[in-house]
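> Predicted model and sequence follow; I will ask about them next.
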Amino acid sequence: MLGIGAIPSVFLAIGVLAMPESPRWLVLQGRLGDAKRVLDKTSNSEEEAQLRLADIKEAAGIPEECNDDVVQVPKRSHGEGVWKELFLYPTPTVKHILIAGVGIHFFQQASGIDAVVLYSPKIFEKAGIKSKSDKLLATVAVGFSKTVFILVATFLLDRIGRRPLLLSSVGGMIVSLATLGTCLTIIDHSEKKVVWAVALAIASVLSFVASFSMGLGPIAWVYSSEIFPLRLRAQGTSMGTAMNRLMSGIISMSFLSLYKAITIGGAFFLFMGVAIVSWVFFYTLLPETQGRTLEEMQVLFGTFFKWRSTMRELEKNKHVSNGDSTGNNGGQVQLSTTNG
């Protein structure tokens, strides 16, 4: 039975063989031609591919005018100066990006998703489901709900944007956690089985997992991989991943002790409070990244709570550069925002 778990790993290993090398790694090996081909396939436009390649070349110390397929790369230490730039002397832009990238991973796990998924049989038992087959069926439904709504996120992510999907997702999680906490509290204090509360508790668990899977779950990984400058991306995303795994371990190991201390209903009210804080965090600090070039994102980040006015200025300048503004004939206006 345990060997069955190796089957997906085999397919994953075969799939990895078909994956291209990272453009950054190819540039560091001096293979500019191969890096350009990968970027052309993975970027939204040729302009974005050129910008990303130029950024990677700059980080690698390769002159901008050097466009041969194979070049000699200057010797430099791995990650030179990156940790200092991230933590000791961050610019406002880097500071904002780091807060957003690590923060989204913190809230992804602090909202209690692993507690719900890992301890769903215990939650269903507390909700009043005693039969092992019924608990198994409800647990399977949780996994099915999670899978289906990840597919929903896959189709919607590039159509409606990161922010609408993220905020809607967290809003759904807040309502689900409030309902689940209320139902479990009612069941916990009732001497008789409250059928409607049991049914609503099950529905709330499925709703919570679905809301998470269609937004916060996948977007945390997408968003954090998009916002870091290429020279900081490896170390920045690793910090986000480390925060994600740390919070996952803390929530998983402390959930049983937590619900024994403040009741199972109280535990989900606590997660609801965290989800509310996360919604405010995302709404105020995380700008939309869909369709934005790396250059535009470097302008958006660094303004912290004022990113909306910066985005409006970007849109205005884009219209001017496209000749949409009368009397400018495609001239560009310089942004007044200072990013440090």
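Nice, I can see it.
> so residue 123 touches residue 265, yeah?
No. Contact criterion CB atoms under 8 Å: residue 123 and residue 265 do not qualify, at 10.6 Å. Placement of C-beta: from N, CA and C, glycine included.
> So between these two, which is more surrounded?
Here residue 123 and residue 265 are compared on neighbour count by other CB atoms under 10 Å; more neighbours surround residue 123, at 28 against 21.
> Could you check the pLDDT of that one?
Reading off the per-residue confidence, residue 123 sits at a pLDDT of 87.
> mind checking which helix or strand the residue nearest the centre of the chain is in?
For the chain, the residue whose C-alpha lies nearest the mean C-alpha position (CA atoms, centre = their mean) is residue 220; its distance is 0.9 Å. Assignment of secondary structure by DSSP states H and E places residue 220 within helix 216-227.
> which residues touch residue 170?
Taking CB atoms under 8 Å, 6 or more residues apart in numbering as the contact definition, residue 170 lies against 111, 211, 215-216, 275, 278-279, 282.
> Could you list the low-pLDDT ranges of the stretch 201-340 of the chain?
Segments of the stretch 201-340 of the chain classed as low confidence (criterion: pLDDT under 70) are 318-319, 321-340.
> what about the helices in it?
According to DSSP state H, counting those that start in this stretch, the stretch 201-340 of the chain carries its helices in the segments 216-227, 233-262, 264-285, 294-300, 307-321.
> Can you add distance to residue 48 and give those helices back as JSON lines?
Shown next, in JSON lines, are the helices of the stretch 201-340 of the chain (distance: least, CB to CB, whole Å):
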{"stretch": "helix 216-227", "distance to residue 48": "11"}
{"stretch": "helix 233-262", "distance to residue 48": "15"}
{"stretch": "helix 264-285", "distance to residue 48": "24"}
{"stretch": "helix 294-300", "distance to residue 48": "8"}
{"stretch": "helix 307-321", "distance to residue 48": "14"}
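> if we can go back for a sec, now the common contact residues for residue 123 and residue 265.
Taking CB under 8 Å, 6+ apart as the contact rule, the neighbours common to residue 123 and residue 265 are residue 184.
> ok so, going back, for the residue nearest to the centre of the chain, list the residues it contacts.
Contacts for residue 220 were tallied using CB under 8 Å, 6+ apart; they are 104-105, 108, 240, 244.
> Let's have the residues you listed in CSV, adding neighbour count and distance to residue 43.
Supplementary listing: those in CSV, determined by neighbours: other CB atoms under 10 Å; distance: CB to CB, whole Å:
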residue, neighbour count, distance to residue 43
104, 26, 23
105, 25, 25
108, 25, 26
240, 25, 22
244, 19, 26
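> and which of those residues is nearest residue 316?
The nearest member of these to residue 316, counting by CB to CB, is residue 104 at 28.1 Å.
> what helix or strand is that closest one on?
Here residue 104, judged by DSSP H and E, is contained in helix 92-110.
> Can you list the buried residues in that helix?
Residues of helix 92-110 classed as buried by neighbour count (16 or more other CB atoms under 10 Å): 93-110.
> and the helix or strand just after it, how far from the chain's centre?
Downstream of helix 92-110, the next assigned helix or strand under DSSP H and E is helix 113-118. Helix 113-118 has its average C-alpha position 18 Å from the chain's average C-alpha position, going by CA atoms, centre = their mean, to the nearest Å.
> which residues are in contact with helix 113-118?
Here helix 113-118 makes contact (CB under 8 Å, 6+ apart) with 123, 142, 146, 205, 208-209, 212, 217, 248, 251-252, 255, 267, 271.
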